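Peer 1: Starting from these lines, generate the structure:
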Amino acid sequence: MKIGILQTGHAPDNMLETLGDTPVFFERLLAGHDFTYQIYPVCDGVFPDSSRDCDAWLITGSKFGAYEDHDWIPPLEDLIRRIYAAGVPLVGICFGHQIIAQALGGRVEKFSGGWSVGATRYTGPEGEKVLNAWHQDQVTVLPPDAKVLAASPFCPYAALSYGPHVYTVQPHPEYGADAIDMLLRERAPGVVPPELIEAATKALDTQTTASDEAERIAAVLKGTPL
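Peer 2: Now for the predicted structure:
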């Protein structure tokens, strides 16, 4: 089964050298499911020809804001709408979660409440998730077709579904403690408030539900109805 990874950003240089670029994180997360991958770095202007070029799609995280003026964002939104209309399975992570919401009629903003970083608990109709977060932007207005599957006090729309074939999540199931530690040490200072850095650093050993999330994502990509 071929999964198209719509890459919306590259890993920071330090992470790139030690842990790999953004698509590699998802290949590791979804190992064991016999997926093959076609990478489309849409942030560099590389797009598939059709919404059916792959069996399913995954949109990655990014340093960019969904609301920012980049040449590649309008065609990505158009592709999202075509994938959705065609009923092809689609998963979005962090920026992917946000751009899907924006493309389908919601709103994304730089959240006035600040940052969410590190191990974070989310609750919803399917129980509790504990996943690593790294974001300030978030969905603030739901699209008409969205259903909320997980939330936290900081992020009320942390996981969403759209019909039976689209699933999106704001935190990063692909980020383990090593990735978060690297971001906290090299990207957070001067950007993320010190008290959040300290709290996230203390929580690096927190057991997450990333493996459960990987199974959920794999099931959606395989076409299992939500």
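Peer 1: CA atoms for contacts and neighbours, from now on please.
Peer 2: Noted.
Peer 1: Report the contact partners of the closest residue to residue 38 other than its chain neighbours.
Peer 2: Nearest residue to residue 38 in three dimensions, chain neighbours excluded: residue 4, at 4.9 Å (CA to CA, 6 or more residues apart in numbering). With contact set as CA atoms under 8 Å, 6 or more residues apart in numbering, residue 4 has these partners: 37, 38, 39, 40, 53, 54, 55, 56, 57, 58.
Peer 1: helices and strands around the lengthiest helix in the chain, which ones?
Peer 2: When the chain is scanned for its longest helix (criterion: DSSP state H), the result is helix 73-86. If contacts are counted by 3 or more CA pairs under 8 Å, 6 or more residues apart in numbering; DSSP states H and E, helix 73-86 sits against helix 95-103.
Peer 1: Contacts for the lowest-mean-pLDDT helix or strand in the chain, please.
Peer 2: Counting by mean pLDDT, DSSP states H and E, the weakest-scoring helix or strand in the chain turns out to be helix 13-18, with a mean of 90. Contacts with helix 13-18, where a contact means CA under 8 Å, 6+ apart, come from 10, 21, 179, 182.
Peer 1: Pull the residues that contact the helix or strand following that helix.
Peer 2: Using DSSP states H and E, the helix or strand that follows helix 13-18 in sequence is helix 22-29. With CA under 8 Å, 6+ apart as the test, helix 22-29 has contacts from 5, 7, 9-11, 19, 39, 60-61, 173-175, 211, 214.
Peer 1: May I see the ChimeraX selection of the buried members of these?
Peer 2: Listed next is the ChimeraX selection for buried residues among the contacts of helix 22-29, using 16 or more other CA atoms under 10 Å:
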select :5,7,9,10,11,60,61,173,174,175,214
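Peer 1: CA atoms only for stretch 59-75 - export them in PDB, please.
Peer 2: Only the C-alpha atoms of stretch 59-75 are listed here, as PDB (Å, rounded to 0.1, in the frame of the first residue of the first chain):
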ATOM      1  CA  ILE A  59       0.400  15.700   5.900                       C
ATOM      2  CA  THR A  60       3.300  16.400   8.200                       C
ATOM      3  CA  GLY A  61       4.100  19.100  10.700                       C
ATOM      4  CA  SER A  62       5.900  22.300   9.800                       C
ATOM      5  CA  LYS A  63       7.500  25.400  11.200                       C
ATOM      6  CA  PHE A  64       5.200  27.500   9.000                       C
ATOM      7  CA  GLY A  65       1.700  28.800   9.900                       C
ATOM      8  CA  ALA A  66      -1.300  27.600   7.900                       C
ATOM      9  CA  TYR A  67      -2.500  31.200   7.700                       C
ATOM     10  CA  GLU A  68       0.800  32.500   6.300                       C
ATOM     11  CA  ASP A  69       1.300  33.700   2.700                       C
ATOM     12  CA  HIS A  70       3.200  31.000   1.000                       C
ATOM     13  CA  ASP A  71       2.800  30.000  -2.700                       C
ATOM     14  CA  TRP A  72       2.400  26.300  -1.800                       C
ATOM     15  CA  ILE A  73      -0.400  26.700   0.700                       C
ATOM     16  CA  PRO A  74      -3.400  27.400  -1.600                       C
ATOM     17  CA  PRO A  75      -2.600  24.400  -3.900                       C
END
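Peer 1: Buried residues in that stretch, which are they?
Peer 2: Judged by neighbour count (16+ other CA under 10 Å), stretch 59-75 contains these buried residues: 59, 60, 61, 62, 65, 66, 73.
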